[in-house]
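Chemist: for reference, the sequence and a predicted model appear below.
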Amino acid sequence: MKVRAVEFIALSVPLGTGKAYGMSKSLAAGRQSTLVRLTLEDGTAGYGEAWGMPAVNKAYLPFLSGYLEGCDVFDIEHAFGRILARHYHFGLQNGMMHAISGIDVAAKDAQGKLLGLSVARLLGGQRLRHVPIYASGGYMTQTPAADYRPQIERMAEAGHKAVKIKIGLSPASDEERMGIAREVLGDDVEILADINTNYTYDIALEAMERLKPFRPGWIEEPLCPQDLDGYGRLRARASLPIAAGEALYTVHDFKRLVECGGADILQPDLSLCGGFWQGRKIAELAHASHLRLSPHVWGGAVGLAAALHYIASLPVFPHADNIPKPVLLEYDLGDNPLRTELLKSPIIVEGGCIAVPEGPGLGIEIDEEAVARYAVD
């Protein structure tokens, strides 16, 4: 079945005055994403999501469509490989890979609909029906002193068993924020901490030493993604697990991180790393390297659904019946209508888990009224 057309729909939601939130490096005043619709000759439509600035993604569409329109949807990964091989001067860490990522997710959704299979089964078999989550919150805001503790208290009230907080302003601030989180959440909640690449090696090492008494489950992105030597040195000295990978593209980037011994947990984002096409290779790299994996998700509902199917398809080796630390899905607690309103049946958390959407493909149905509400030129 051949691809008839690929469309990119730019989506944007401003958060409003005083509602910006984010990380150590910056705050976000809105949420945006690119919804990908891939239509086959018989009218079957698959949906994906691409990271980054929608205008940049849309600029790549005419170029990519020349390769993809008329391509059999089951052969689309070969088309991607041809694009990267022929246009190697473009590089990989750019909007073209964002666009390819969203197109690949849409193609897998369409394949599943044609075959009557879930994407998880297409990727290697659906092991899970429910995926455990960690709640991603504790954001930086415009008034952090007033806003931080209430965010953590809401996490405690919701009963989340694993959470992630934002740190990275300074080692002293990290210690204070982690101390508040541990005080409010108690000893039994796993607390993950995200620096968002704001430190150099020496500062990261100091911060990790300060945080050790609070037993964080991992320290995420302590260094910038280009500092592979720093990641290797830091992991050799640190006594806390290191997670990284949300800003890495294709299995080649992840291979370099693994080879330098820089991480304990790999974090591919399917909306930028190369979709399921590269995500599957990254999972195999983690498997062969005996490393944990936890995909990064900070987008809309389609990206969240894709991550659910991805996790549901992953093997648990070297574990068997007893899994000490299951793969967790990142569930963003920030205000985001592109996550909560884009589907006719929203993806919701129940009992610390999310049910993998049932049905062929991604198992989701796009709410076209919501798309029209948030679409921008």
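Modeler: Structure received. Numbers count the residues shown, from 1 in each chain.

Chemist: need the three-state assignment for the residue located most distally from the centre of the chain.
Modeler: For the chain, the residue at maximal distance from the C-alpha centroid (Cα atoms, centre = their mean) is D42, at 31.3 Å. Using DSSP: H, G, I helix; E, B strand; the rest coil, the structure places D42 in coil.

Chemist: so who does the closest residue to P357 other than its chain neighbours touch?
Modeler: Closest residue to P357 apart from its sequence neighbours, by Cβ to Cβ, 6 or more residues apart in numbering: G363 at 3.1 Å. No exception for glycine: its C-beta is placed from N, CA and C like everyone else's. By Cβ atoms under 8 Å, 6 or more residues apart in numbering, G363 lies in contact with S118, V119, A305, H309, V356, P357.

Chemist: does the fourth one touch L362 like I think?
Modeler: So the one you mean is H309. Yes: between H309 and L362 there is a contact at 6.3 Å, judged by Cβ atoms under 8 Å.

Chemist: quick check: neighbours shared by those two?
Modeler: S118, V119.

Chemist: can you list the buried residues in the lengthiest helix in the chain?
Modeler: When the chain is parsed with DSSP state H, its longest helix is helix 95-115. Neighbour counts over helix 95-115 (16 or more other Cβ atoms under 10 Å) mark 95-114 as buried.

Chemist: in this protein, what secondary structure element scores lowest on mean pLDDT?
Modeler: When the helices and strands of the chain are scored by mean pLDDT, DSSP states H and E, strand 27-28 comes last with a mean of 94.

Chemist: mind listing residues that contact that strand?
Modeler: The contact list for strand 27-28 (Cβ under 8 Å, 6+ apart) reads L15, A20, Y21, G22, M140, T141, Q142.

Chemist: leaving out chain neighbours, which residue sits closest to the second one?
Modeler: Pointing back at A20 there. A20's closest residue in space is L27 (Cβ to Cβ, 6+ apart), at 4.1 Å.

Chemist: mind checking how far the one you found is from I83?
Modeler: Using Cβ to Cβ, to the nearest Å, we find L27 at a distance of 35 Å from I83.

Chemist: between these two, which one's more packed in?
Modeler: For L27 versus I83, neighbours defined as other Cβ atoms under 10 Å are more numerous around I83 (19 against 15).

Chemist: in terms of helices and strands, where is that one?
Modeler: Using DSSP states H and E, I83 falls within helix 76-86.

Chemist: other SSEs contacting that helix?
Modeler: With contacts taken as 3 or more Cβ pairs under 8 Å, 6 or more residues apart in numbering; DSSP states H and E, helix 76-86 sits against helix 54-68, helix 95-115.

Chemist: make a markdown table from those helices and add distance to K164 and mean pLDDT to it.
Modeler: Shown next, in a markdown table, are the helices and strands packed on helix 76-86 (distance: least, Cβ to Cβ, whole Å; pLDDT from 0 to 100):
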| stretch | distance to K164 | mean pLDDT |
| --- | --- | --- |
| helix 54-68 | 26 | 97 |
| helix 95-115 | 22 | 98 |
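
Chemist: out of the ones you listed, flag the one nearest S136.
Modeler: Of all the helices and strands packed on helix 76-86, helix 95-115 sits nearest to S136, with 20.0 Å by Cβ to Cβ.

Chemist: packing partners of the closest one?
Modeler: Under the contact criterion of 3+ Cβ pairs under 8 Å, 6+ apart, helix 95-115 touches strand 3-14, strand 30-40, strand 45-50, helix 54-68, helix 76-86, helix 119-123, helix 275-289, helix 301-313.

Chemist: send me that helix as CSV with only the CA atoms.
Modeler: The C-alpha coordinates for helix 95-115 follow below in CSV (Å, rounded to 0.1, in the frame of the first residue of the first chain):
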residue,chain,number,x,y,z
GLY,A,95,14.7,19.5,11.9
MET,A,96,14.9,17.0,9.1
MET,A,97,15.2,14.2,11.7
HIS,A,98,12.4,15.7,13.7
ALA,A,99,10.2,15.5,10.6
ILE,A,100,11.4,11.9,9.7
SER,A,101,10.6,10.9,13.3
GLY,A,102,7.0,12.1,13.1
ILE,A,103,6.5,10.6,9.7
ASP,A,104,7.8,7.2,10.9
VAL,A,105,5.4,7.1,13.8
ALA,A,106,2.5,8.0,11.4
ALA,A,107,3.7,5.2,9.0
LYS,A,108,3.7,2.6,11.8
ASP,A,109,0.2,3.8,12.8
ALA,A,110,-1.0,3.3,9.3
GLN,A,111,0.7,-0.1,9.0
GLY,A,112,-1.1,-1.3,12.1
LYS,A,113,-4.4,-0.1,10.8
LEU,A,114,-3.9,-2.0,7.6
LEU,A,115,-3.0,-5.2,9.4
